[in-house]
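Participant: Any chance you can model this:
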Amino acid sequence: MKEEFYKYIQQLQDTITSKLESIDGAVKFQEDLWDRPEGGGGRTRVIENGNVFEKGGVNISAVHGKLPDTMQKMFGVAEADFFACGLSLVIHPKNPFVPTVHANWRYFEMYDENGTIINQWFGGGQDLTPYYLFEEDAKHFHATCKQACDAHNPEFYPTYKKRCDEYFWNAHRNEARGIGGLFFDYCKASDEMNMQQWYNFVTTVGDSFLEAYTPIVERRKDIVYTEEHRNWQEIRRGRYVEFNLVHDKGTLFGLKTNGRIESILMSLPPHVQWVYNHQPEKDSPEALLLEVLANPKEWV
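Facilitator: I've put the predicted structure just below:
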């Protein structure tokens, strides 16, 4: 299973980076191959200062070794070997009317002292973080997510949409990071779904990513914006940074397994503001966004 999934994310990385480069038209992804001393490594691809994309990364990794003490406690296991691989991406567009997007798809195994698999699961999802809310875009993104889920189980979309709203919640701000999408984790074999069926589901979601996101980019990338729009974008990016550094489990896992810092923190935007007690004007587009972030809604 791990070889099959790692081959899939290698191909998916190529597909996604090629499409995003064609949309940007000015810059290419810079590739960086790296090794992890404890075992494994990855292929980081970063795009910066383009016509459309200000900063973004589409990274794959496959790491293995002894599970660190902190992760043993998190998983409630004794000393064990592990293997983890996945693709993680974050794209921060330049135009404030184009939303930031995040996605990842991952696979994890743990082994006993004889090398026998004692646990394995899939996880992942994709979510959208707009700075200005277009209902058409929100509905398109969620409809694409739903279509991918419905191909496997009609209960998946409402379940994983709700989990996404719950997970990407900036509790210290009492607001969502964005308008959600899908979030699923610990997808293990059961009477209802074997591991091959989970693989089929996760890869269907991965294959849906470009259709979910790129039509939105194409619609919004040429909208004229002002310095005020840009300031709002950078203030909201501050909330994105707060979530990633305070709450995100993926960031925590990478830091505590001696992951590659540059790849882990590639999710952070290049230009951010923290303005003291900033409040948007009542009934403004900015205030409308905050209302939705405080009260996640159903889009499809």
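Participant: hey, which helix or strand in this protein has the poorest pLDDT?
Facilitator: helix 69-75 (a mean of 69; mean pLDDT, DSSP states H and E).
Participant: mind checking how far the nearest residue in space to Lys221 that is not next to it in sequence is from Arg163?
Facilitator: Leaving aside its chain neighbours, Lys221 sits nearest to Val52 (5.0 Å; criterion: Cβ to Cβ, 6 or more residues apart in numbering). Every C-beta, even on glycine, is put in place using the N, C-alpha and C of the backbone. Val52 sits 30 Å away from Arg163 when distances are taken as Cβ to Cβ, to the nearest Å.
Participant: Tell me which of those two has more neighbours.
Facilitator: Neighbours of Val52 and Arg163, each counted by other Cβ atoms under 10 Å, are more numerous for Val52; the result is 23 against 16.
Participant: residues in contact with stretch 266-280?
Facilitator: 44, 46, 48, 54-55, 57, 59, 88, 90, 92, 100, 102, 231-232, 234-235, 237-238, 240-241, 244, 251, 286-287, 290 (Cβ atoms under 8 Å, 6 or more residues apart in numbering).
Participant: Any buried residues in stretch 172-186, and which?
Facilitator: Glu175, Ala176, Arg177, Gly178, Ile179, Gly180, Gly181, Leu182, Phe183, Phe184 (16 or more other Cβ atoms under 10 Å).
Participant: what does stretch 18-36 give?
Facilitator: For stretch 18-36, using 16+ other Cβ under 10 Å, the buried residues are Leu20, Glu21, Ile23, Asp24, Phe29, Asp32, Arg36.
Participant: and Ala84, that one's in a helix?
Facilitator: No: the assignment for Ala84 is strand, going by DSSP: H, G, I helix; E, B strand; the rest coil, so no helix is present there.
Participant: Count the residues that sit near it.
Facilitator: The local packing of Ala84 (other Cβ under 10 Å) involves 22 other residues.
Participant: same thing with Asn95?
Facilitator: Summarising burial for Asn95: neighbours were counted as other Cβ under 10 Å, giving 22.
Participant: if we can go back for a sec, in terms of model confidence, name the weakest of the buried residues of stretch 18-36.
Facilitator: Here the lowest pLDDT out of the buried residues of stretch 18-36 sits on Arg36, with 88.
Participant: picking up where we left off before, any chance of the buried residues of stretch 172-186 in TSV, with secondary structure, pLDDT and distance to Ala148 too?
Facilitator: Written out in TSV, the entries for those read as follows (DSSP: H, G, I helix; E, B strand; the rest coil; pLDDT from 0 to 100; distance: Cβ to Cβ, whole Å):
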residue	secondary structure	pLDDT	distance to Ala148
Glu175	strand	97	27
Ala176	strand	97	21
Arg177	coil	96	21
Gly178	coil	97	18
Ile179	coil	98	17
Gly180	strand	97	15
Gly181	strand	98	10
Leu182	strand	98	8
Phe183	strand	98	14
Phe184	strand	98	11
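Participant: longest single helix anywhere in this structure?
Facilitator: In the chain, ranked by residue count with DSSP state H as the criterion, the top helix is helix 195-220.
Participant: which of the residues in that one are buried?
Facilitator: Buried positions in helix 195-220, judged by neighbour count with 16+ other Cβ under 10 Å: 195, 198-199, 201-203, 205-206, 208-210, 212-214, 216-217, 220.
Participant: So which elements touch it?
Facilitator: In terms of contacts (3 or more Cβ pairs under 8 Å, 6 or more residues apart in numbering; DSSP states H and E), helix 195-220 is packed against helix 2-24, strand 81-93, strand 100-111, strand 117-129, helix 135-150, strand 180-187.
Participant: same thing but 7 Å
Facilitator: Here helix 195-220 is seen to pack against helix 2-24, strand 100-111, strand 117-129, helix 135-150 when contacts are counted using 3 or more Cβ pairs under 7 Å, 6 or more residues apart in numbering; DSSP states H and E.
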